[in-house]
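>>> Sequence first, then the predicted structure, then my questions.
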Amino acid sequence: MKKRSIWDNSLKNGNLGESFVRWYCQESYIEYKKATYEENVIDGVDAWIGGIPTDIKNTPKIFLGKYSLKQNKFYARHPFRDNTKAKQYCILDIDEEKKLFQVKNLVEISAYLSVIYFTDPSALQTAKDLLLKYNNKSYKELGFKSSDQLMLKLKLQLQTLLRDRIYCGYDSYADSQKGNYDELAISIVTYDDRKR
């Protein structure tokens with residue numbers, strides 16, 4: 001059986017969210033331009049909203065990185081990579097049962113992360129530096145005995161930089177096997193949103 005990417009559902013839901021944002025912008029007379037595939041993957045831009053490169057968030061989780069079991073490497077995610085071009089989040093509130101979408105916020109990324117998730121802007125920068133230190137390296141190159149050990153160490157280091165009631169979690173190798181995934185994700189979420 002072929003392993004599936006944990007991002008498959010995110011992409012499916014992301015397309016729904018982006019379709020809603022396109023409609024929302026039309027109805028609100030806000031300029032909207034969809035990003036190309038390359039701009040999305042390489043630059044971390046889903047669309048330009050009001051002329052600003054934007055990452056559309058349709059999940060309460062902020063994905064920090066992933067460990068690819070197939071490539072045996074850790075990869076930092078946008079906006080924690082140094083080549084990120086997105087400047088703002090378009091944060092959606094999605095009620096899947098009622099099939100309702102709402103734009104909660106259009107906000108500058110660093111300000112949002114510093115106010116909601118990290119203790120201050122310097123903690124956000126420390127987290128970014130830490131993720132970049134691990135970026136594009138295998139657990140062996142980083143001196144760990146397993147991908148699980150790397151993810152646990154990263155979680156413990158990141159947790160010290162987060163505000164109270166922010167949870168840092170990751171997928172273990174066992175989780176990936178149980179879910180038939182070929183990637184391990186690490187993310188942060190508020191304790192209130194964690195229950196969703």
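Received, thanks. Residues are numbered from 1 along each chain as shown.
>>> Just the element for the most centrally placed residue in the chain, please.
Geometric centre of the chain, nearest residue: Phe63, 2.7 Å, by C-alpha atoms, centre = their mean. Secondary structure from DSSP states H and E places Phe63 in strand 62-68.
>>> Packing partners of that strand?
For strand 62-68, the packing partners by 3 or more C-beta pairs under 8 Å, 6 or more residues apart in numbering; DSSP states H and E come out as strand 73-76, helix 121-134, helix 147-159, strand 183-190. C-beta: built from backbone N, CA, C; applies to glycine.
>>> and Gly17, which of those is closest to it?
Closest to Gly17 of these is strand 183-190 (C-beta to C-beta; 16.9 Å).
>>> quick one: average confidence on that closest one?
Average pLDDT, strand 183-190: 92.
>>> Just want the angle from that strand to strand 62-68.
160 degrees (axes from the mean of the first three to the mean of the last three C-alpha atoms, to 10 degrees).
>>> Pairing-wise in the sheet, spell out the partners of Asp55.
On the basis of DSSP bridges, Asp55 is bridged to Tyr89.
>>> quick revisit: generate JSON lines for the helices and strands packed on strand 62-68, with distance to Val41 and mean neighbour count as supplementary columns.
Formatted as JSON lines, the helices and strands packed on strand 62-68 follow (distance: least, C-beta to C-beta, whole Å; neighbours: other C-beta atoms under 10 Å):
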{"stretch": "strand 73-76", "distance to Val41": "11", "mean neighbour count": "20"}
{"stretch": "helix 121-134", "distance to Val41": "17", "mean neighbour count": "17"}
{"stretch": "helix 147-159", "distance to Val41": "23", "mean neighbour count": "18"}
{"stretch": "strand 183-190", "distance to Val41": "15", "mean neighbour count": "21"}
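>>> For these, which has the smallest mean pLDDT value?
When I compare those, strand 183-190 is least confident, with a mean of 92.
>>> Tell me which other helices or strands that strand touches.
strand 62-68, helix 147-159, strand 166-170, helix 173-179.
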